[in-house]
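**Student:** Below are the sequence and a predicted model for it; my questions follow.
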Amino acid sequence: MSEKAFVRVCGLVAVALAATACTSTGAEPLDPGLAPRGTVQTTATPSRQDLSNKVSLTGTVTMNPVFGIVSPVAGQVRYLTVPEATGTPTKPTRFATVWLDGKPNNVEVPAGSTFGGRLVDDRATVTAGMPIASAKYAGYGIVAEINGEQAYQIADAAQGVVQAQIKNGPGPFACTLLGTIAALPAGTVPAPPPVPQPPADPPGG
């Protein structure tokens, strides 16, 4: 995962200027355009370098992962009624609008994912980056754990490049950053249904 930026490193040219010395003996002044003999002139050549902010994570391939969708701005959230999906959406699904200074900011579930549920009340005041809904990706996704330092590094990496490599499998290939699971409130991800048990044999049977 990386965001590239370019920086021009400009070297400093150290120039030593000799001050003219006037004496009462009438000696000729030194040429002000030349440095004294033995002065070291240091010159650095400007160069272009690539700066990459890379974070390497170890994840697992998970089927139908649930992730959180955050508010893009601080404001009041107004939810829309989202009909139950009858298939995998091929286009983004708008589920809410966050109003800030009288201007709407639409929030959508990305294509290929279905709306899960609301995480805050309708008309609640939310902050930018606050999870306001859950969604479920249809298919296989890669889920990786991150610590606080890594979360800080990738906080602004939504426009960056995400690549994945399957061990002993395909890759590297491009991925789309969906969201975070850790940001979801407890109980958002439903527990798997209990495995049905065969009925017990009646006594004496």
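**Tutor:** Perfect, I can see it now. Numbers count the residues shown, from 1 in each chain.
**Student:** So which residues of the chain form strands?
**Tutor:** Along the chain, counting by DSSP state E, strands occupy 4-9, 47-52, 59-63, 66-70, 75-79, 93-100, 103-109, 113-118, 125-126, 131-137, 140-144, 162-164, 173-175.
**Student:** C-alpha coordinates for the longest one, CSV please?
**Tutor:** In other words, strand 93-100. Output for strand 93-100, consisting of C-alpha atoms alone and laid out as CSV, is shown next (Å, rounded to 0.1, in the frame of the first residue of the first chain):
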residue,chain,number,x,y,z
THR,A,93,-26.2,1.8,-3.3
ARG,A,94,-26.9,5.2,-1.6
PHE,A,95,-28.2,4.7,1.9
ALA,A,96,-27.7,8.0,3.7
THR,A,97,-26.9,11.7,3.4
VAL,A,98,-24.8,13.6,5.9
TRP,A,99,-25.8,17.3,5.9
LEU,A,100,-23.2,19.9,6.7
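**Student:** helices and strands around that strand, which ones?
**Tutor:** The contact analysis (3 or more Cβ pairs under 8 Å, 6 or more residues apart in numbering; DSSP states H and E) places strand 93-100 against strand 75-79, strand 103-109, strand 113-118, strand 131-137. Quick note: C-beta positions are derived from backbone N, CA and C, even for glycine.
**Student:** 6 Å instead, please
**Tutor:** The contact analysis (3 or more Cβ pairs under 6 Å, 6 or more residues apart in numbering; DSSP states H and E) places strand 93-100 against strand 75-79, strand 103-109.
**Student:** With that, I have no additional questions.
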